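Peer 1: can't give you the sequence, but here's the structure:
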């Protein structure tokens, strides 16, 4: 079956702009979570959605937001981009609260210039 | 906050066994995972173990969990050049906690 699909694969934005990233989970998975990966901070949890509801949020400013649709697809949005937002953004889906692990997509590489 | 610690680098000879270690601080960790990341790629789930287990074996991979010491290890038998990657240890208490990752261990294979 198809894996977790993230689009776009690469993105270049200018400081101050906003960006929307998309994630399509594995069919049947209702939980979608987002992570930011940077060389300095490593992998950090952004937020987790289940059945269109945000259940938890990591320690990120309000410029980072997300949503989940009825088909479990998720989007995350970053407003007023800063240079420090340059990172690999990874989406993960799971069947049931991670009991069988989280399957990650290939990520979206965001560069802010 | 909760923390997961790993060594940054491990160098092994091709054909030998690799042992990657991880320690965590969250006593409520329920699920523990090992992920592999190759250059330019996302994270590949290698294996996972529940906190009520001591060991799990899956082909060349063996996971050992010492819950008392909060220590997790991943042994890769007969290490090959294709095993060269960054290996991440991660834990979660379950529910909507999200994963807490270590910084990753770069596995370097010497011919």
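Peer 2: Right, received. Where do you want to start? Given the structure is predicted, the values throughout are model-derived calculations rather than measurements.

Peer 1: From what I see, residue A:93 and residue A:28 are in contact.
Peer 2: No - applying C-beta atoms under 8 Å, one finds residue A:93 not in contact with residue A:28, separated by 9.1 Å. Every residue, glycine included, has its C-beta placed from N, CA and C.

Peer 1: who has more neighbours, the two?
Peer 2: More neighbours surround residue A:93 than the other of residue A:93 and residue A:28, with 25 against 9 (other C-beta atoms under 10 Å in any protein chain shown).

Peer 1: Now for that one: which residues touch it?
Peer 2: A:4, A:23, A:25-26, A:29, A:31-33, A:72, A:102-103 (C-beta atoms under 8 Å, 6 or more residues apart in numbering or on different chains).

Peer 1: can you tell me how far the most centrally placed residue in chain A sits from residue A:84?
Peer 2: In chain A, the centroid-proximal residue (C-alpha atoms, centre = their mean) is residue A:34; its distance is 3.3 Å. Residue A:34 sits at a distance of 17 Å from residue A:84 (criterion: C-beta to C-beta, to the nearest Å).

Peer 1: Helices of chain A, start to end?
Peer 2: With helices called from DSSP state H, chain A shows none.

Peer 1: pLDDT below threshold where in it?
Peer 2: Counting by pLDDT under 70, chain A shows low-confidence ranges at A:1, A:97.

Peer 1: Could you list the contact residues of it toward chain B?
Peer 2: A:4, A:6, A:33, A:35, A:42-45, A:47-48, A:50, A:55-56, A:58, A:90, A:92, A:97-107 (C-beta under 8 Å from any C-beta of the partner chain).

Peer 1: Now which of those residues would you call buried?
Peer 2: Using 16 or more other C-beta atoms under 10 Å in any protein chain shown as the burial test, the residues of chain A next to chain B include A:4, A:6, A:33, A:35, A:43-45, A:47-48, A:50, A:55, A:58, A:90, A:92, A:97-98, A:101-107 as buried.

Peer 1: Point out the residues in chain B that sit beside chain A.
Peer 2: So chain B meets chain A at B:31, B:33, B:35, B:41-45, B:48, B:88, B:90, B:92, B:94-104 (C-beta under 8 Å from any C-beta).

Peer 1: Mind giving me the ChimeraX select for the residues you listed, buried ones only?
Peer 2: In ChimeraX syntax, the buried subset of the residues of chain B next to chain A is picked out as below (16+ other C-beta under 10 Å):
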select /B:31,33,35,42,43,45,48,88,90,92,96,97,98,99,100,101,102,103,104
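
Peer 1: Give the bridge partners for residue 65, please.
Peer 2: No chain specified, so I'll use chain A. Note on residue A:65: beta-bridge partners by DSSP bridges are residue A:77.

Peer 1: could you do chain B instead?
Peer 2: Here residue B:65, judged by DSSP bridges, has bridge partners residue B:72.
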